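> Sequence below, structure please.
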Amino acid sequence: ASKSMILLVEDPEAEACHPVAQRIADAANTLFPLQGEALYTCDDILSIFRGSDEPGDQIGLGRIWHAIQLAETIPDLTWEEILDWHLDQGGWGVLVQLHQMARAAGDMDLAQLMERVRTGETSMQQVREAYRLATRNGASFDEVLDDLAAGVDPGDLRQAYRSSVELGLSVDDILGYGAAGITPQEIKHAQQLGEDSGQDWAFLLQQHAEGESWGQLK
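Coordinates of the predicted model:
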């Protein structure tokens with residue numbers, strides 16, 4: 001049997017590096033290769049810390065350390081991806097929320113969800129609303145999110161999910177009727193009238209939408 005190992009050889013005569021940066025480098029290297037993109041020396045960490053050397057542009061060793069620690073609870077990302085998210089978007093808490101919602105929903109990859117928020121395709125408010133709607137109605141998280149991102153009013157979508165069970169229609173059908181100005185109450189009335197008269201309720205609904213009163217139709 002054989003096993004390959006990566007050895008990091010340091011110069012014993014080199015000047016001692018910053019002890020905190022060395023500790024961070026050691027911790028980062030324990031994540032390689034699953035949650036780390038490369039092996040790091042102490043100088044590498046200091047280089048990340050310094051950033052562009054512009055005043056006020058330093059990342060800070062604390063933020064690098066926090067990204068490494070957070071990788072332990074978010075196994076889908078490398079610590080570098082976590083740090084990049086923080087530097088681009090700000091807010092560790094938002095990333096934790098995205099991770100929890102993606103994991104609980106089960107039908108959307110965390111990286112995909114992050115990219116949608118990063119590019120502005122989806123807002124965090126829409127993500128939270130989609131998660132609530134999906135979990136309460138047993139719906140697909142990504143489908144609800146697509147509807148909200150497409151501009152569907154959250155209130156209309158909530159009503160559509162409530163009405164879909166009662167009316168025996170898909171959410172898309174109810175939203176389609178809603179776009180034509182037809183309410184769930186009118187759909188229900190047409191279904192009842194169709195049942196009583198033995199007529200196609202969808203035809204009766206169409207006639208009502210074109211101006212016929214329920215009394216005339218009856």
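> Give me the residue at the spatial middle of this structure.
By C-alpha atoms, centre = their mean, the mean C-alpha position of the chain lies nearest to residue 113, the distance being 3.4 Å.
> so what's it up against?
98, 101-102, 122, 127 (C-beta atoms under 8 Å, 6 or more residues apart in numbering). For the C-beta atoms, the positions are set from N, CA and C on the backbone; glycine is no exception.
> now with 6 Å?
Contact partners of residue 113, counting by C-beta atoms under 6 Å, 6 or more residues apart in numbering, are 98, 102.
> Can you check the pLDDT for it?
We note a pLDDT of 91 for residue 113 in this prediction.
> tell me which element it is part of?
If you go by DSSP states H and E, residue 113 is part of helix 110-118.
> State the next helix or strand along the chain beyond that helix.
Immediately after helix 110-118, counting by DSSP H and E, sits helix 124-137.
> Number of residues surrounding residue 189?
17 (other C-beta atoms under 10 Å).
> chain center to the one helix or strand it maps to, what's the gap?
Residue 189 belongs to helix 184-197 when assigned by DSSP H and E. Chain-centre distance of helix 184-197: 38 Å, with C-alpha atoms, centre = their mean, to the nearest Å.
> mind listing what's buried in that helix?
Across helix 184-197, burial judged by 16 or more other C-beta atoms under 10 Å covers 184, 187, 189-191, 193-194.
> That one packs against which elements?
helix 201-209 (3 or more C-beta pairs under 6 Å, 6 or more residues apart in numbering; DSSP states H and E).
> so who does residue 174 touch?
160, 163-164.
> Among these, which one has the most neighbours?
residue 160 (26 neighbours).
> Let me see the contact set for that one.
171, 174-175.
> Please report the distance of the spatially closest residue to it that is not a sequence neighbour from residue 135.
Spatial nearest neighbour of residue 160, chain neighbours left out: residue 174 (4.3 Å); criterion: C-beta to C-beta, 6 or more residues apart in numbering. As judged by C-beta to C-beta, to the nearest Å, residue 174 and residue 135 stand 20 Å apart.
> which residues in this structure form strands?
Along the chain, no stretch is classed among the strands by DSSP state E.
> Listing request: residues of it with sub-threshold pLDDT.
Segments of the chain classed as low confidence (criterion: pLDDT under 70) are 12, 14, 52-57.
> at 80 instead, please
The model of the chain has pLDDT under 80 over residues 6-16, 51-58, 89-90, 106-107.
> quick one, helices of it?
19-29, 42-50, 61-70, 79-89, 92-105, 110-118, 124-137, 141-149, 154-167, 171-179, 184-197, 201-209, 214-217 (DSSP state H).
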